[in-house]
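Visitor: Here's my sequence, what's the structure:
(4 chains)
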Amino acid sequence: MTGLTRPQIAWRIAQDIPDGAYVNLGIGAPELVANFLPEDREIVIHSENGILGMGPTPPEGEEDFDLINAGKKPVTLLPGGAYFHHTDSFAMIRGGHIDFCVLGAFQVAQNGDLANWATLDNSRPPGVGGAMDLAVGADRVLVMTDHCTRDGAPKLLDRCTYPLTGLGVVTRVYTDLAVIDIENDRFVVREVAAGIDRDALQAATGAELHFAEDCRAIETAPAAGT
Amino acid sequence: MTGLTRPQIAWRIAQDIPDGAYVNLGIGAPELVANFLPEDREIVIHSENGILGMGPTPPEGEEDFDLINAGKKPVTLLPGGAYFHHTDSFAMIRGGHIDFCVLGAFQVAQNGDLANWATLDNSRPPGVGGAMDLAVGADRVLVMTDHCTRDGAPKLLDRCTYPLTGLGVVTRVYTDLAVIDIENDRFVVREVAAGIDRDALQAATGAELHFAEDCRAIETAPAAGT
Amino acid sequence: MINKQVHDFDSALAGLADGATIMVSGFGAAGAPHDLLEAALDRGIRDLTIISNNAGEGDRGLVRLMTERRIRKVVCSFPNSSNAEIVKELYSAGKLELEIVPQGTLSERIRAAGAGIGGFYTRTSVGTPLAEGKESRILDGEEYVFEKPLRADFAFVKGRLADRWGNLTYNKSARNFGPSMAMAGDITVAQVDEVVEIGDIDPEQVITPGIFVDRVIAVR
Amino acid sequence: MINKQVHDFDSALAGLADGATIMVSGFGAAGAPHDLLEAALDRGIRDLTIISNNAGEGDRGLVRLMTERRIRKVVCSFPNSSNAEIVKELYSAGKLELEIVPQGTLSERIRAAGAGIGGFYTRTSVGTPLAEGKESRILDGEEYVFEKPLRADFAFVKGRLADRWGNLTYNKSARNFGPSMAMAGDITVAQVDEVVEIGDIDPEQVITPGIFVDRVIAVR
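Guide: All right, here's what the predicted structure looks like:
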């Protein structure tokens, strides 16, 4: 079953971010979304370490290691951007001022529960970062994830088995196989990747799927997918 | 009974503020203290509307009505001063960062209770301002007051009858007649104004006075008293 | 494109209705958004709840709304002003409801609303009439009073510079309640001296980031 | 005269003793006061409790203290780092105590200590393992968790400019935890790039007013 590439998922998510939105992109794969934001929209990216208006990676040799993103990689600041301290930054998150966040996930449950910070493996110290703040604070919590783990286990479940990040917080999940809304404690499939049939998608999912009446193929950008 | 003038009280208070102290001066008479701070000390005045390093009144014609003190009168800023917003300003007060505040009082009780924001007259709307924050937040709360009301009623009492500003907060009281510490729920007289005898002072006070062993005359500045 | 600048008061106040709760920045006249208040007056808005440090001073803004009986209630720390007898008159006549809040608690409650804090404990007002009816609690051996966040339908603030993203700077002590109120209004409208080009405000000097501001109007 | 500038690390760290709790600013390496931490290391200080967003990254500062087993406990949001395996090693071996706190809660708890807040309610962590054992409360129909202030004996912060009054500015996203930690340390020590003359920092641009800072040391 081959579905979307990560850049294709990122491109798809980017199409859902409207002009003027304030967005926080989680560490890792969600950072890719920044590369695909439509050029005719002005979208303000928030980084929890005290940046609004975060811009792209600087050219090699021009990095300033006092200007980094939440993943601790050098970034730039767009005109109109601002710096502020950590408590103010999390006041933005916790106070409900961020319109969208895009987070990775270990597991998502059909009731919107999110598990993305710890597993049941206790050999590594757990690290939560800002995930719990974003989960409860952002207006809409979008999840970007592979549909299954590397071992083929489903990540979309009737309930999470890993320690939770937030309860009932996820609004939409974007995977390599589908775009799925969480509505009334159910997974509602809005879009399916080309070539994936419904039975296969259901088999790869650990909870009952409900297909929207207007369920269609996931759009991909002509140029994306590399 | 004539004791100290207000400038003389202010001068006396100023002598107790050490070099390097952060001080908030209440609206009204306490503002006079700023005029008498010893010139060989560097004392940082805090104004609750967002100023540290407040300087003297500007020359006429140079007032900036965006640069005012808590009494809403034009002031200046000293080199090294800073502006900040109201919540940060009260974080300084409430977080215990202000070393001294000087407040006026309607009544002070021997247990350190302070009443300085409302009387029993309900015809006027009460206004508390920052008094309750200063009362609990400043390291030392100094009171500057006439010893008695205009009608001759004592303001230093065994307990306050007016609505309280703070409980057990006052550390020292400076009046036109005496300098009085509050220690173990008792008024301990440290200094008495020249020409005031102990019986007269006691008669003007609504609680028992205890005279310190080394009780002496209040010092006044040669040039003050005008 | 993001452009929060509006060019007339109808746009600045769109959605403001009778019965609204409005936060009003300012400490005395410094930082008071008089023009926004008077635009609300001109549009006939009434039955307002005002959250502001003072209940009006001088002869502009809140005092005019007060005089025209547009204000039902004021949540403030210090209603009295030497030159605004109207507050005293209406209060004495029972025609104005006042909620008196210690200044630091007022500011902290406003910030709490903007920061997603459900409530907090403060030592301010313990044992005083302003703590009556409020939960108290011993924490680490000290008594504290429970205080709740304070939000508003609109926040009116006054800045010095703004850009089209809504970033704000302030002038000296006129900063006062602006930054916290900007966080706590469902719709935050900033009256500023000047709207400058995007990028003209040094990102280190932005005091209120645009995320907290919905509309900006230049008033000279 | 006020002069908070010190010229050597003995003066910067005076009073720091074994068993101390130290707040350490920085998000990864940005804003981390490595030189203050290494001066503490050089002076043999041990048995430390560290409050910091990360438990060390790279090969300086916290990582060196960790490697030398000077740290008993870390209160942080994110202990893991791709290039600091020592944290994992010590943790797995039961030789390092960790208290994991959500990043926003960590920052808010630090601010609370500096601002005199006895505790506050947040929605962050509700229903998760990090809320276990904590009081929860329904406020306005939503569930919240009670969190307490977090103070320290020392706060080590890293600024860009300072003056002798202790006023600080920061550089870009290296600001991060500095301003809140500076409020919450009994003794706050700032490592800065440069100490400038009093009055050289624009009063509108002071990020941490000197009242929160006890000592300043320039490190190049």
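Visitor: Secondary structure class of the residue nearest to residue A:186 when sequence neighbours are not counted, three-state.
Guide: For residue A:186, the nearest residue in space outside its immediate sequence neighbours is residue A:210; the separation is 5.3 Å by CB to CB, 6 or more residues apart in numbering or on different chains. Any C-beta I mention is one placed from the backbone N, CA and C, and that applies to glycine too. In three-state terms, and counting by DSSP: H, G, I helix; E, B strand; the rest coil, residue A:210 is strand.
Visitor: Could you measure from residue A:210 over to residue A:174?
Guide: Applying CB to CB, to the nearest Å, the value for residue A:210 to residue A:174 is 17 Å.
Visitor: most distant residue from the middle of chain C?
Guide: residue C:141 (34.3 Å; CA atoms, centre = their mean).
Visitor: Thought residue A:184 was touching the residue nearest to residue A:186, still the case?
Guide: No: at 9.6 Å, residue A:210 and residue A:184 do not qualify as touching, with contact defined as CB atoms under 8 Å.
Visitor: which of those two has more neighbours?
Guide: Set side by side, residue A:210 and residue A:184 show unequal neighbour counts under other CB atoms under 10 Å in any protein chain shown, the larger going to residue A:210 at 15 against 8.
Visitor: ok, and what's touching the helix or strand harbouring residue C:191?
Guide: Secondary-structure element containing residue C:191, defined by DSSP states H and E: strand C:185-195. Contacts of strand C:185-195 from elsewhere in the structure, counted by CB atoms under 8 Å, 6 or more residues apart in numbering or on different chains, are C:5, C:12-13, C:15, C:22-23, C:33, C:35-36, C:151-164, C:166, C:168, C:171, C:178, C:181-182, C:208, C:212-220.
Visitor: Just the buried ones from those?
Guide: Neighbour-count burial within the contacts of strand C:185-195 applies to C:5, C:12-13, C:22-23, C:33, C:35-36, C:151-164, C:166, C:168, C:171, C:178, C:181-182, C:208, C:212-218; the criterion is 16 or more other CB atoms under 10 Å in any protein chain shown.
Visitor: per-residue confidence at the residue farthest from the centre of chain C?
Guide: Confidence per residue is given as pLDDT, and for residue C:141 that number is 96.
Visitor: any idea how far it is from residue C:27?
Guide: Using CB to CB, residue C:141 is found at 34 Å from residue C:27.
Visitor: burial of residue A:204, as a residue count?
Guide: 22.
Visitor: cool, residue A:32 as well?
Guide: Taking other CB under 10 Å as the criterion, the count of residues near residue A:32 is 20.
Visitor: pretty sure residue C:89 belongs to a helix, no?
Guide: Yes: when classified by three-state DSSP, residue C:89 is found to be part of a helix.
Visitor: For it, list the residues it contacts.
Guide: Applying CB under 8 Å, 6+ apart, no residues qualify as near residue C:89.
Visitor: which ones are touching residue 129?
Guide: With no chain named, the answer covers chain A. Shown here is residue A:129, whose contacts under the criterion CB under 8 Å, 6+ apart are A:27, A:48, A:70, A:117, D:77, D:78, D:102, D:103.
Visitor: try chain C instead
Guide: If you count contacts by CB under 8 Å, 6+ apart, residue C:129 has them with B:118, B:163, B:164.
Visitor: Highest neighbour count among those residues?
Guide: Compared across the contacts of residue C:129, residue B:164 has the highest neighbour count, 26 neighbours, by other CB under 10 Å.
Visitor: how about the nearest residue to that residue, chain neighbours excluded?
Guide: residue C:128 (4.7 Å).
Visitor: so that neighbour sits right up against residue B:162, yeah?
Guide: No: taking contacts as CB under 8 Å, residue C:128 lies outside contact range of residue B:162: 10.6 Å.
Visitor: the more surrounded of these two?
Guide: The neighbour comparison of residue C:128 against residue B:162 (other CB under 10 Å) goes to residue C:128, with 25 against 20.
Visitor: Burial check on the residue in chain A positioned nearest to chain C, number of neighbours?
Guide: Going by CB to the nearest CB, chain C is nearest to residue A:79 of chain A, at 3.1 Å. Look at residue A:79: counted by other CB under 10 Å, it has 14 neighbours.
Visitor: dump the residue contacts of it.
Guide: Residue A:79 sits next to A:53, C:198, C:199 when contact means CB under 8 Å, 6+ apart.
Visitor: In space, what's closest to residue 179 - neighbours in sequence excluded?
Guide: No chain specified, so I'll use chain A. Nearest-residue entry for residue A:179: residue A:191, 3.9 Å, with adjacent residues in sequence omitted and distances by CB to CB, 6+ apart.
Visitor: Not quite, go with chain C.
Guide: Closest residue to residue C:179 apart from its sequence neighbours, by CB to CB, 6+ apart: residue B:85 at 4.2 Å.
Visitor: and the residue nearest the centre of chain A, what are its bridge partners?
Guide: Taking CA atoms, centre = their mean as the criterion, residue A:102 is the residue nearest the geometric centre of chain A, at 2.6 Å. In this structure, residue A:102 has beta-bridge partners residue A:25, residue A:142, where bridges are defined by DSSP bridges.
Visitor: Distance-wise, check it relative to residue A:129.
Guide: Computed with CB to CB, the distance linking residue A:102 and residue A:129 is 14 Å.
Visitor: what about the chain, any weak spots by pLDDT?
Guide: Going with chain A. Across chain A, the ranges flagged by pLDDT under 70 are A:1, A:223-226.
Visitor: Hmm, no, I was thinking of chain C.
Guide: Across chain C, residues meeting the criterion (pLDDT under 70) sit at C:82-83.
Visitor: could you say what helices and strands the one helix or strand residue C:111 maps to packs with?
Guide: Assigned by DSSP H and E, residue C:111 belongs to helix C:103-115. Under the contact definition 3 or more CB pairs under 8 Å, 6 or more residues apart in numbering or on different chains; DSSP states H and E, helix C:103-115 sits against helix A:86-94, helix B:86-94, helix B:131-137, strand C:119-122, strand C:142-147, helix C:178-184.
Visitor: and of these, who's closest to residue D:97?
Guide: Distances from residue D:97 to each of the helices and strands packed on helix C:103-115 were compared using CB to CB; the shortest belongs to helix A:86-94, at 23.2 Å.
Visitor: and the angle from the closest one to helix C:103-115?
Guide: Between the axes of helix A:86-94 and helix C:103-115, defined by axes from the mean of the first three to the mean of the last three CA atoms, to 10 degrees, the angle is 50 degrees.
Visitor: does chain D sit close to helix A:86-94?
Guide: Yes: with CB under 8 Å from any CB of the partner chain as the threshold, helix A:86-94 lies in contact with chain D, specifically through A:86, A:87, A:89, A:90, A:93, A:94.
Visitor: That helix near chain B at all?
Guide: No: applying CB under 8 Å from any CB, one finds helix A:86-94 separated from chain B by no less than 10.5 Å.
Visitor: That helix packs against which elements?
Guide: Helix A:86-94 sits against strand A:44-47, helix A:131-137, helix C:103-115, helix D:103-115, helix D:178-184, with contacts defined as 3+ CB pairs under 8 Å, 6+ apart.
Visitor: Kindly format the C-alpha coordinates of it as PDB.
Guide: Coordinates of each C-alpha in helix A:86-94 appear next as PDB, following Å, rounded to 0.1, in the frame of the first residue of the first chain:
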ATOM      1  CA  HIS A  86       8.800  32.100  26.700                       C
ATOM      2  CA  THR A  87       5.900  32.900  29.000                       C
ATOM      3  CA  ASP A  88       4.400  35.300  26.600                       C
ATOM      4  CA  SER A  89       4.900  32.800  23.800                       C
ATOM      5  CA  PHE A  90       3.000  30.100  25.800                       C
ATOM      6  CA  ALA A  91       0.300  32.700  26.700                       C
ATOM      7  CA  MET A  92      -0.300  32.900  23.000                       C
ATOM      8  CA  ILE A  93      -0.700  29.100  22.900                       C
ATOM      9  CA  ARG A  94      -2.600  28.500  26.100                       C
END
